[in-house]
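In: Got a predicted structure here, sequence first:
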Amino acid sequence: MVKLYPDDSYTLHTDAYQINMMQTYWRQGLADRKAIFEVYFRKLPFQNGYAIFAGLERVVDYIQNLRFTEHDLAYLKEIGDYPDDFIEYLRNFKFKATIRSVVEGEVVFNNEPLIQVEGPLVDCQLVETAILNIVNYQTLIATKAARVRSACGDDALLEFGTRRAQEFDAALWGTRAAYIGGFDATSNVRAAKIFGIPASGTHAHALVQAYRNDYDAFMAYAKTHKDCVFLVDTYDTLRSGVPNAIKVAKELGDQINFLGVRIDSGDMAYISKRIREQLDEAGFPDAKIYASNDLDEKTITNLKMQGAKIDIWGVGTKLITAYDQPALGAVYKMVAIEDENGVLEDTIKISSNAEKVSTPGRKQVWRITKKTDGKSEGDYITIGDEDPRKEKSLYMFHPQYTYINKDVTDFNARPLLRDIFKDGELVYELPTLEEIKEYSKLHLDSLWEEYKRDLNPQDYPVDLSQKCYDNKMKIIKEVRESINQKLEK
Ligand SMILES: Nc1ncnc2c1ncn2[C@@H]1O[C@H](COP(=O)(O)OP(=O)(O)OP(=O)(O)O)[C@@H](O)[C@H]1O
Ligand SMILES: O=P(O)(O)OC[C@H]1O[C@H](OP(=O)(O)OP(=O)(O)O)[C@H](O)[C@@H]1O
Ligand SMILES: O=C(O)c1cccnc1
């Protein structure tokens, strides 16, 4: 019979191959060799022009609790591949690496390091899977949310996705990511409770079905709630739903706050215009029209083009499941490792696909903005101790098509990777969710509109410094020469 264990840690929330590699490193004396790994994605999601980074808070929590519990160890022992002395080594394992990361809510792009893990090789290896798991999903949803926000302008935006999310974790952390990306409130009361997001909601068709008619249902709701939004499309929106909502609002007057009505089906452009007329004629020009039903940024844009009179948007399924692109492809690649003499050597992963060739070395990403208007010029990736703030002029060139280049002067350079853990100790004070949301909005504002349009945005420049580029080319040449020499032997 298979023995089952309590779920008392996230440490085994990793791929088996990470633990297998840890065992090899440890047995071969490589466990404590210093390595550097970086997280980045090669392609922006949804063909968007930018992404919104999210997930750091959960990464911090995961790292702070990273130790093998007795149940983890007993399980590893039971499955048999791991000898007792290795299990003993894991029992004493303590995370000692340094982590640098961009902060949550940061506007980020493809092919730039988002998280950097530097420290003992075993530590770096163990955390790959969980970090990617967290960051890939949360960044994807924050980015989708930013797209929906951009389609809505300043309209209120409610997150309704929990029932369709990929289970509890996705609903919860997806809601948080959606809030970072620009949503105003959520229907998920637990997410609201633990993250401090405003909770919001109307009522379902079931209420109307329970009372068997619109009037009785709205009246019952109004007798038990001060703030009222009535769902008007259960039977006949324009002939029964809206007239009965108006009737109840008139009869109860000041006893309730008649906030508006929600529609959840039909031609929402046509219906919303007719509803607006009915509400205005009845003397409720401030009552809002809420809409939901498989909405996303495309439908919202289209409804706005049709002049739909919708004020408040409820978005669920297509947001929380990232319906049109269900995965972000961030990867975790080794960029440097100590050799047997303790010298840190930059490493590369070569591919015939130019996009898949990694960029060696410990890097920093700098956001370059013009001093005059604060607008973005591009991101500039340096290695070692390069500091563009000391330069008067920056030569920025496309890392593949080097003939695309420019000299930038009169600029500010802001380093994006910040210290989060130093030798295993947390050195970063986590901001509040409100601060993260505000930060994201502020920085998105400094991005040119060309990078923000939802259709065919311009490619944002993510360039390598000359030193970083030369280093990459040198290492590619060295690897090629070494392979050729081996083949000749
Ligand atoms: N005027 C419109 N222009 C473009 N899309 C619209 C318009 N009105 C509604 N939609 C969208 O079209 C889709 C309509 O889907 P569908 O026909 O399944 O809904 P429905 O039949 O009205 O309601 P239900 O969800 O109960 O089936 C939804 O995604 C909705 O958001
Ligand atoms: O459409 P979403 O963006 O996911 O928003 C959430 C949906 O959840 C509710 O529907 P419900 O589960 O009652 O089913 P329905 O499709 O029949 O309305 C609500 O009425 C929305 O339609
Ligand atoms: O409050 C609502 O209207 C709501 C909540 C969840 C899903 N659909 C609608």
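Out: On my side now, so go ahead. Numbers count the residues shown, from 1 in each chain. Ligands and ions are numbered 1, 2, ... in the order given.
In: and stretch 149-160, anywhere near ligand 1?
Out: No. If you take CB under 6 Å from any ligand atom as the test, stretch 149-160 misses ligand 1, and the best it gets is 12.4 Å. In this view, the C-beta of every residue, glycine as well, is placed from N, C-alpha and C.
In: Provide the backbone phi and psi angles at the most centrally placed residue in the chain.
Out: Nearest to the mean C-alpha position of the chain, by CA atoms, centre = their mean, lies Thr139 at 1.4 Å. Per-residue torsions, Thr139: phi -70, psi -40 (degrees, to the nearest 10).
In: What is the burial count for Asp84?
Out: Using other CB atoms under 10 Å, Asp84 is surrounded by 8 other residues.
In: quick one: the residue lying closest to it once chain neighbours are set aside from ligand 1, how far?
Out: Nearest-residue entry for Asp84: Lys77, 7.4 Å, with adjacent residues in sequence omitted and distances by CB to CB, 6 or more residues apart in numbering. Distance of Lys77 to ligand 1, computed by CB to the nearest ligand atom, to the nearest Å: 52 Å.
In: Check the gap between Met219 and Ile256 for me.
Out: Distance, Met219 to Ile256, using CB to CB, to the nearest Å: 10 Å.
In: Give me the common contacts of the two.
Out: Shared contacts of Met219 and Ile256, defined by CB atoms under 8 Å, 6 or more residues apart in numbering, are found at Val248.
In: Quick check: which element contains the residue nearest to Asp84?
Out: Assigned by DSSP states H and E, Lys77 falls within helix 70-79.
In: which ones are touching Ala156?
Out: 184-185, 288, 311-313.
In: quick one: which of those is nearest Pro83?
Out: The shortest gap between Pro83 and any of the contacts of Ala156 belongs to Ala185, at 53.2 Å (CB to CB).
In: Can you give me the neighbour number for the closest one?
Out: Count around Ala185 with other CB under 10 Å applied: 21.
In: Contact partners for it?
Out: Ala185 is in contact with 156-159, 192, 197-200, counting by CB under 8 Å, 6+ apart.
In: Would you report which members of those residues are assigned to strands?
Out: Of these, the ones assigned to strands by DSSP state E are 156-159.
In: Pipe these into CSV and attach distance to Phe109 per row.
Out: Compiled in CSV, the ones in strands among the contacts of Ala185 are given as follows (distance: CB to CB, whole Å):
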residue, distance to Phe109
Ala156, 29
Leu157, 24
Leu158, 29
Glu159, 25
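In: So which of those wins on neighbours?
Out: Neighbour tally across the ones in strands among the contacts of Ala185 (other CB under 10 Å): the maximum, 31 neighbours, falls on Glu159.
In: Enumerate the beta-bridge partners assigned to the closest residue to that one other than its chain neighbours.
Out: Spatially, and ignoring its direct neighbours in sequence, Glu159 is nearest to Thr186 (4.2 Å; CB to CB, 6+ apart). Taking DSSP bridges as the rule, Thr186 bridges to Glu159, Ala199.
In: Can you pull the residues of the stretch 251-400 of the chain lying near ligand 3?
Out: 262, 292, 314, 316.
In: Look up the closest residue to the closest residue to ligand 3 within the chain, ignoring the ones flanking it.
Out: Closest contact between the chain and ligand 3, by CB to the nearest ligand atom, is at Gly201 (3.1 Å). Nearest residue to Gly201 in three dimensions, chain neighbours excluded: Ser187, at 4.8 Å (CB to CB, 6+ apart).
In: just Lys309 next, same as before
Out: Spatial nearest neighbour of Lys309, excluding adjacent residues (CB to CB, 6+ apart): Arg276 at 3.9 Å.
In: would that neighbour count as being in a helix?
Out: Yes. With DSSP: H, G, I helix; E, B strand; the rest coil as the criterion, Arg276 is part of a helix.
In: For it, the count of nearby residues, please.
Out: 19.
In: Tell me the spacing between it and Asp296.
Out: In terms of CB to CB, Arg276 sits 23 Å off from Asp296.
In: How about Val122?
Out: According to CB to CB, Val122 and Asp296 sit 43 Å apart.
In: if you count what's nearby, which of those two comes out ahead?
Out: Val122 (27 against 19).
In: Now do the contacts for that one.
Out: Applying CB under 8 Å, 6+ apart, we find Val122 in contact with 22, 25-26, 31-32, 93.
In: Show me the residues you listed that map onto helices.
Out: Those of those mapping onto helices are 22, 25-26, per DSSP state H.
In: Now distance to ligand 3, pLDDT and neighbour count too, for those, in CSV please.
Out: Shown next, in CSV, are those (distance: CB to the nearest ligand atom, whole Å; pLDDT from 0 to 100; neighbours: other CB atoms under 10 Å):
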residue, distance to ligand 3, pLDDT, neighbour count
Met22, 43, 98, 24
Tyr25, 48, 98, 19
Trp26, 49, 98, 18
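In: between those residues, which is closest to Val60?
Out: Looking across the ones in helices among the contacts of Val122 and measuring by CB to CB, the closest to Val60 is Met22, at 21.9 Å.
In: In this structure the closest one contacts Leu30, no?
Out: No. Using CB atoms under 8 Å, Met22 is not in contact with Leu30, being 9.9 Å away.
In: hang on, the earlier thing: the residue nearest to Gly201 and Thr162 touch, don't they?
Out: Yes. Counting by CB under 8 Å, Ser187 touches Thr162, with 6.7 Å between them.
In: Contact residues of the chain facing ligand 1?
Out: Going by CB under 6 Å from any ligand atom, the residues of the chain near ligand 1 are 265-269, 293-295, 299, 302-303, 306.
In: thinking again about what came up before, outside of the helix holding Lys77 itself, list whatever touches it.
Out: With CB under 8 Å, 6+ apart as the contact definition, helix 70-79 has outside contacts at 3, 5-6, 8-9, 11-12, 19, 68, 82, 84, 87, 90-91.
In: Now, those residues that are in helices?
Out: Members of the contacts of helix 70-79 lying in helices (criterion: DSSP H): 19, 84, 87, 90-91.
In: Show the contacting residues for Glu88.
Out: Glu88 makes no contacts at all, as judged by CB under 8 Å, 6+ apart.
In: Give me the distance between it and Lys77.
Out: To Lys77, Glu88 is 10 Å away according to CB to CB.
In: same check, this time on Asn341
Out: Distance of Asn341 to Lys77, computed by CB to CB: 36 Å.
In: Those two: who's more crowded?
Out: Lys77 (15 against 6).
In: Phi first, then psi, for Lys422.
Out: The phi/psi pair for Lys422 (degrees, to the nearest 10) is phi -120, psi 120.
In: how many neighbours does whichever residue of the stretch 301-450 of the chain sits closest to ligand 2 have?
Out: Nearest residue of the stretch 301-450 of the chain to ligand 2: Gly316, at 2.7 Å (CB to the nearest ligand atom). Counted with other CB under 10 Å, residues neighbouring Gly316 total 21.
In: Now do the contacts for it.
Out: Per CB under 8 Å, 6+ apart, neighbours of Gly316: 159-164, 292.
In: residue contacts, Asn412?
Out: 368-371, 374.
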